[in-house]
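Asker: Got a predicted structure plus its sequence, pasted below:
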Amino acid sequence: MKISRDARNQARKLFQVCSPGGQLDPERTMAVVRSLAQDKPRGYLQVLSRLFKLVELNIHQNSLEVASATELPDQGAGVFASLEEKYGAALEKDYHVEPELIGGLRLRHGSDVWDGSVAARLDELKRRLHARR
């Protein structure tokens with residue numbers, strides 16, 4: 001569905017209402033969505049669609065993921081705490097074990113990934129060796 005410029009602008013303004021101080025407020029977001037759904041102004045479906053996309057992007061940008069090769073004793077709570085100290089409170093947190101990492105951690109904040117795993121180092125070494133041929 002193509003979204004008009006007016007709908008994009010209105011969704012952006014509503015998103016700013018939903019996120020005072022840069023932090024997305026779930027209660028305000030639900031209130032804005034309920035209000036739009038009840039009032040049904042012209043083009044409200046386009047506005048809701050764009051607002052949903054903006055919220056989805058914000059959640060992705062403010063989410064943290066920790067993957068480790070073995071089970072961490074605190075389920076990654078220490079890593080999450082240090083990442084939240086640096087980047088602010090996360091809207092979503094995900095911790096899981098990936099044995100294929102062999103050792104180390106892979107951290108993701110939004111679209112930034114820091115891969116300190118043994119598997120990543122081996123892949124980099126393999127790539128360098130193939131590049132010399």
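Answerer: Ah, there it is.

Asker: Would you check that residue 28 makes contact with residue 15?
Answerer: No. Taking contacts as CB atoms under 8 Å, residue 28 lies outside contact range of residue 15: 10.2 Å. Yep, even glycine has a C-beta here, placed from its N, CA and C like the rest.

Asker: So these two - more neighbours on which side?
Answerer: residue 15 (19 against 14; other CB atoms under 10 Å).

Asker: To which secondary structure element is the residue nearest to the spatial centre of the chain assigned?
Answerer: In the chain, the centroid-proximal residue (CA atoms, centre = their mean) is residue 60; its distance is 1.8 Å. Assigned by DSSP states H and E, residue 60 belongs to helix 44-61.

Asker: Please apply the same query to residue 14.
Answerer: Per DSSP H and E: helix 5-18 holds residue 14.

Asker: Quick one: end-to-end length of stretch 99-114, please.
Answerer: Taking CA to CA, to the nearest Å, the first and last residues of stretch 99-114 lie 17 Å apart.
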